[in-house]
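In: need coordinates for the following:
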Amino acid sequence: MSRDSDATARQAGFTLVETLVCLALAGLIGVLLLNAVRIAGGASAAAARAAGAEEVQSVRDHLRRTLGSLAQRRPDGRRPTLRGGPDGLVAALAPDQTLERPTEITVTLTRVPGGRGADDLLESRSEAEALPGQPATTRREAILGRIAGLGFRYYGAPADGARPLWLPAWSRPDRPPLLVEIQVAFPPADSRRWPPLLIALDAGP
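Out: Purely as a prediction, here's the structure:
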């Protein structure tokens, strides 16, 4: 009887040890899985932030190229090269054969309602003067989505002899401003950021 009791006790002891080992392993596996989920979530968030930053930078570069190719200014005020207010602008771009743009293009930048309760930065392009025998066409594209705000400021002399200053709107017909500042705001939960964008304008001679 004594030998049977000792064997039973040892078996019970081994079962308890095995149970504790299994519980420890299960806890370790749970911790490893939780860490893996956290790492995957962090990597996904980092990838989303990187994609958002790349999208914003691409739009900023596009706006620099676009407004950096204004048509030559017209001293007589005929067809101003740029007119704008605090929430949008209209600019005339010079022809560019390398871009297969044989005529001047009118570009409009404005904020329009978008999806999911946010707005879009809309760019519209149309030919200032249609080619003979061809109808005028307008192309519209949301170049940046899910924005919460859009603002413009203009730096230049509002009249001959006046000193340059920042203005909320630009209506001078004979010349564009020296600088345009574009500000974009995103919803609070959006990780994208938009530092103020300053674009120097060159309207030719």
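
In: C-alpha only now, for contacts and for neighbours.
Out: Noted.

In: what is the subsequent helix or strand relative to the worst-scoring helix or strand of the chain on mean pLDDT?
Out: Lowest mean confidence among the helices and strands of the chain (mean pLDDT, DSSP states H and E): helix 2-67, at a mean of 72. Counting by DSSP states H and E, the next helix or strand C-terminal to helix 2-67 is strand 82-85.

In: dump the C-alpha coordinates for that next one into CSV.
Out: The C-alpha trace of strand 82-85 is given here as CSV (Å, rounded to 0.1, in the frame of the first residue of the first chain):
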residue,chain,number,x,y,z
LEU,A,82,-4.4,85.3,-61.6
ARG,A,83,-7.4,86.3,-59.6
GLY,A,84,-8.1,84.9,-56.2
GLY,A,85,-9.9,85.1,-52.9
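
In: what is the rounded mean pLDDT of that strand?
Out: Across strand 82-85, pLDDT averages out at 96.

In: what's that strand packed up against?
Out: Applying 3 or more Cα pairs under 8 Å, 6 or more residues apart in numbering; DSSP states H and E, one finds that strand 82-85 contacts strand 88-93, strand 149-156.

In: walk me through which strands the longest one pairs with, and which way each runs.
Out: Right, strand 149-156. Using DSSP bridges, the strands paired with strand 149-156 are strand 165-167 (antiparallel), strand 179-185 (antiparallel).

In: quick one, which of those strands gets closest to residue 104.
Out: With Cα to Cα, the closest approach to residue 104 among these belongs to strand 179-185: 20.3 Å.

In: any idea how far that closest one is from the chain center?
Out: What separates the centre of strand 179-185 from the centre of its chain is 12 Å, taken as Cα atoms, centre = their mean, to the nearest Å.

In: then stretch 62-78?
Out: 23 Å.

In: ok, and what's touching it?
Out: With Cα atoms under 8 Å, 6 or more residues apart in numbering as the test, stretch 62-78 has contacts from 80-81, 91-95, 104, 173-176, 199-205.

In: which of those residues are buried? Put it as a ChimeraX command.
Out: In ChimeraX, this line selects whichever of the contacts of stretch 62-78 come out buried by 16 or more other Cα atoms under 10 Å:
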select :80,81,91,92,93,94,95,104,173,174,175,176,199,201,202,203
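
In: need the contact list for the spatially most central residue of the chain.
Out: Compute the mean C-alpha point of the chain, and by Cα atoms, centre = their mean the closest residue is residue 56, 3.1 Å away. When contacts are counted by Cα under 8 Å, 6+ apart, residue 56 touches 144, 192, 193, 194.

In: on that earlier part again, reformat the helices and strands packed on strand 82-85 as JSON lines; add mean pLDDT.
Out: Formatted as JSON lines, those follow (pLDDT from 0 to 100):
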{"stretch": "strand 88-93", "mean pLDDT": "94"}
{"stretch": "strand 149-156", "mean pLDDT": "97"}
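
In: show me which residues of stretch 89-108 are buried.
Out: Using 16+ other Cα under 10 Å as the test for burial, stretch 89-108 gives 89-95, 103-108.

In: swap in stretch 138-149?
Out: The neighbour-count check on stretch 138-149 (16+ other Cα under 10 Å) flags 142, 143, 144, 145, 146, 147, 148, 149 as buried.

In: from the chain's centroid, how far away is the strand or helix carrying residue 121?
Out: Element membership for residue 121, per DSSP H and E: strand 119-127. The chain centre lies 14 Å from the centre of strand 119-127; the measure is Cα atoms, centre = their mean.
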